[in-house]
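Undergrad: kindly generate the corresponding structure for this input.
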Amino acid sequence: MKKVPQSVRHSASLERLDLSCNRIVDLDEAGLDRIPRLRSLKVQNNRLERLPGRFLDLDVLRFLNISNNKFDVLPNVVCEMKEPRWIWTLSFIHFPPSTTAWSAVKFGASGHRWQSGIGVSPKLCRARSLSELDCRRNNITDLSVICRLPRLETLRADHNIVHTPGFVPWSKFQVS
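TA: You can find the predicted model right below:
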């Protein structure tokens, strides 16, 4: 499928939508913002390079999976959304400046494209409400920046190449 069927936008009772593993290039005409009860959206394994600004109107969205698309930067609209609570993404390299207003509580970036020798992005620390971080399988060498996340409770960072965790109050986290 290259486009979201027009009929989807008219489903007033739809709560979970899985558009994974297609060839969707954009969601501009999908009208997903017209689905009043949409709580979970999976659009992983597509060809998306950006998300439409109307994603800000997805008031009840709690889960968003945008992994394995063509994002170079975490889309600004994701950082500006008021209610996403669990965001899963694999396919971007950088965090945008708007991460300061980010309301994500859980963030998954396992199997990411972070390169060897680079730590967790300092911009991620702007996500003040983040309580769970999954950054497994990334070749990360430095996790020290995560100590600035005031609400982080769970950190999953196995299968990285962390040599020295730096000054991280490990007793604060449930580490797996």
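Undergrad: going forward, measure contacts between C-alpha atoms and count neighbours the same way
TA: Fine.
Undergrad: how many neighbouring residues does Phe71 have?
TA: 20 (other C-alpha atoms under 10 Å).
Undergrad: show me where this structure has helices.
TA: All helices of the chain, identified by DSSP state H, fall at 76-80.
Undergrad: any regions of it where pLDDT drops low?
TA: 83-84, 90-93, 97-102, 111-121, 163-176 (pLDDT under 70).
Undergrad: got the contact list for the residue nearest the centre of it?
TA: Nearest to the mean C-alpha position of the chain, by C-alpha atoms, centre = their mean, lies Ile87 at 3.6 Å. Contact analysis of Ile87 by C-alpha atoms under 8 Å, 6 or more residues apart in numbering lists 63-66, 104, 106-108.
Undergrad: and of those residues, the nearest to Ile146?
TA: Phe107 (12.8 Å; C-alpha to C-alpha).
Undergrad: can you list the buried residues in stretch 6-19?
TA: Within stretch 6-19, the residues that qualify as buried are 9, 19, counting by 16 or more other C-alpha atoms under 10 Å.
Undergrad: what's it in contact with?
TA: By C-alpha under 8 Å, 6+ apart, stretch 6-19 touches 4, 30-44.
Undergrad: can you select the buried ones from these in PyMOL?
TA: Listed next is the PyMOL selection for buried residues among these, using 16+ other C-alpha under 10 Å:
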select buried, resi 4+30+31+32+33+34+35+36+37+38+39+40+41+42+43+44
